[in-house]
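A.B. asks: Below is the sequence, then the predicted model.
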Amino acid sequence: MKGTVIKSTGSWYEVLVDDKTTLLCRMKGIFRIKGLKATNPIAVGDRVSITFVEDEDTKEKHDGVITEVLERKNYLIRKSKNLSKQIHIIAANVDYAYLLVTLAAPKTSLGFIDRFLATCEAYSIKANLIFNKKDIYDVADLKEVERIRQLYKRIGYDSHFISAHNKRDVSDLKALLKDKVNLFTGHSGVGKSTLINTLQPELELKTAEISGTHLKGMHTTTFAEMHPLKFGGFIIDTPGIKELSIVEMEKHEISHYYPEIFKLSSKCKYGSCLHINEPECAVIQAVENGVIAESRYASYLSIISGEETVKEYND
Ligand SMILES: Nc1nc2c(ncn2[C@@H]2O[C@H](COP(=O)(O)OP(=O)(O)O)[C@@H](O)[C@H]2O)c(=O)[nH]1
Ligand SMILES: [Mg+2]
Ligand SMILES: [Zn+2]
């Protein structure tokens, strides 16, 4: 039997096998995905094969055993916290990834947005930005959000501007989410769980108040979890990420994940141009002329120079 992993705690897996049935499964032995050193061999969104347990003793503890992970269309990863060489698979087989962004409480930097977008490009996942907490912004903030939205719009990234509490704002998103596997990500406290609750109140996901002194969200979601949507499709709620690292990217590859930089690369004098300080570089010229945003170029350089992460705030 085949199913989709919708929840994982590391040793247990909830596998959705049809519209209504989930089975609690164990993993058989340890399997490695070719070329991937992951702390978790099976992730939310994975399509898996299950066999049933015959032994009556073990049957009480779980319904089935996962024997195989089917080939992934794509996956999103981050570096594992402690084991720096290892990666953690956040989710697999994602159609759309949505980054929730807030200007403050918590602050999402442009560098963080860029790393998210580049990561999605690298893994062929369609990316979308949702600016949240519209209701708390003053006039200057609203202008700043519009400026940032325009910046990304020019590159080709769509965005939305909502208040996650507002049903009408959120209902516009439904048509986009329908029948797709959608991943919601962003710093803890940006409103991921709140938004999912407004979309589907029955889920009653826990949300956290921002702690006043640090303006930092509390960690309420520990593992990524996939929720079937009543109107069709899925949402994957991820634990808040503080930092996003770009792994498995060669220097010359990085420009491929910056569409506006990639587009100009062919106009550079040297085919091998990395757009750092080479002569007659069309990209550097475009930055000077304001065609490419300085913030985008800065984040590109930071990835090229091997800076592993963008830190948003100090713990
Ligand atoms: N004012 C306002 N608060 C929001 C909005 N969305 C979420 N919040 C609040 O922000 C806090 C963190 O939300 P939560 O959904 O737990 O964030 P998550 O960590 O991304 O899942 C909660 O106190 C929410 O009530 C919004 O659109 N406007
Ligand atoms: Mg949450
Ligand atoms: Zn160049």
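C.D. replies: Sure thing, it's come through. Ligands and ions are numbered 1, 2, ... in the order given.
A.B. asks: how far does stretch 179-190 stretch from start to finish?
C.D. replies: 24 Å (C-alpha to C-alpha, to the nearest Å).
A.B. asks: mind checking the SS state of Val15?
C.D. replies: Val15 falls in the strand class when you classify it by DSSP: H, G, I helix; E, B strand; the rest coil.
A.B. asks: Also the one 4 residues further on?
C.D. replies: With three-state DSSP as the basis, Asp19 sits in coil.
A.B. asks: For the residue in the chain that ligand 2 sits nearest to, which non-adjacent residue is spatially closest?
C.D. replies: Closest residue of the chain to ligand 2, C-beta to the ion: Ser193 (3.3 Å). In short, each C-beta sits where N, CA and C put it, glycine included. The shortest distance from Ser193 to any non-neighbouring residue, by C-beta to C-beta, 6 or more residues apart in numbering, is to Leu205 (4.1 Å).
A.B. asks: same question, Glu294
C.D. replies: Val287 (6.2 Å).
A.B. asks: Run a quick check on the one you found versus Tyr297, I expect a contact.
C.D. replies: Yes. If you go by C-beta atoms under 8 Å, Val287 and Tyr297 touch, sitting 4.6 Å apart.
A.B. asks: picking that back up, following element in sequence after the host helix or strand of the residue of the chain closest to ligand 2, please.
C.D. replies: If you go by DSSP states H and E, Ser193 is part of helix 192-199. As assigned by DSSP H and E, the chain's next helix or strand after helix 192-199 is strand 225-228.
A.B. asks: same for that following strand, what does it pack against?
C.D. replies: The contact analysis (3 or more C-beta pairs under 8 Å, 6 or more residues apart in numbering; DSSP states H and E) places strand 225-228 against strand 2-8, strand 234-237.
A.B. asks: most packed of the ones you listed?
C.D. replies: Here the criterion is mean neighbour count by mean count of other C-beta atoms under 10 Å, and of these the winner is strand 234-237, at a mean of 24.
A.B. asks: now what about it, what contacts it?
C.D. replies: Residues from elsewhere that reach strand 234-237, judged by C-beta atoms under 8 Å, 6 or more residues apart in numbering: 6, 44-45, 91, 94, 177, 180-184, 192-193, 196, 199-200, 205, 221, 224-229.
A.B. asks: hmm, try it at 7 Å
C.D. replies: Here strand 234-237 makes contact (C-beta atoms under 7 Å, 6 or more residues apart in numbering) with 44-45, 91, 177, 181-184, 192-193, 196, 205, 221, 224-229.
A.B. asks: Using CSV, write out every CA atom in it.
C.D. replies: Output of strand 234-237 as CSV, limited to C-alpha atoms (Å, rounded to 0.1, in the frame of the first residue of the first chain):
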residue,chain,number,x,y,z
PHE,A,234,-2.4,20.3,1.7
ILE,A,235,-0.6,22.9,3.9
ILE,A,236,2.7,22.0,5.5
ASP,A,237,3.3,24.1,8.7
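A.B. asks: quick one: strands adjacent to it?
C.D. replies: Its sheet considered, strand 234-237 pairs with strand 181-185 (parallel), strand 225-228 (antiparallel) by DSSP bridges.
A.B. asks: Now render those as TSV, adding distance to His252 and mean neighbour count.
C.D. replies: As requested, the strands paired with strand 234-237 are exported to TSV (distance: least, C-beta to C-beta, whole Å; neighbours: other C-beta atoms under 10 Å):
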stretch	distance to His252	mean neighbour count
strand 181-185	27	25
strand 225-228	35	20
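A.B. asks: can you list those strands in CSV and add distance to ligand 3 and mean pLDDT?
C.D. replies: Output for these, formatted as CSV (distance: least, C-beta to the ion, whole Å; pLDDT from 0 to 100):
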stretch, distance to ligand 3, mean pLDDT
strand 181-185, 31, 95
strand 225-228, 41, 94
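A.B. asks: Turn these into CSV, including distance to ligand 1.
C.D. replies: Formatted as CSV, these follow (distance: least, C-beta to the nearest ligand atom, whole Å):
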stretch, distance to ligand 1
strand 181-185, 8
strand 225-228, 11
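A.B. asks: Turn the ones you listed into JSON lines, including distance to Tyr258.
C.D. replies: Shown next, in JSON lines, are those (distance: least, C-beta to C-beta, whole Å):
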{"stretch": "strand 181-185", "distance to Tyr258": "19"}
{"stretch": "strand 225-228", "distance to Tyr258": "30"}
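A.B. asks: closest to Val145 out of the ones you listed?
C.D. replies: strand 181-185 (18.6 Å; C-beta to C-beta).
A.B. asks: if we look at the closest one, which residues are touching it?
C.D. replies: 45, 76, 91, 93-100, 192, 195-196, 233-238, 241.
A.B. asks: so it versus strand 2-8, what angle?
C.D. replies: 10 degrees (axes from the mean of the first three to the mean of the last three C-alpha atoms, to 10 degrees).
A.B. asks: chain center to strand 181-185, what's the gap?
C.D. replies: Relative to its chain's centre, strand 181-185 lies at 7 Å (C-alpha atoms, centre = their mean, to the nearest Å).
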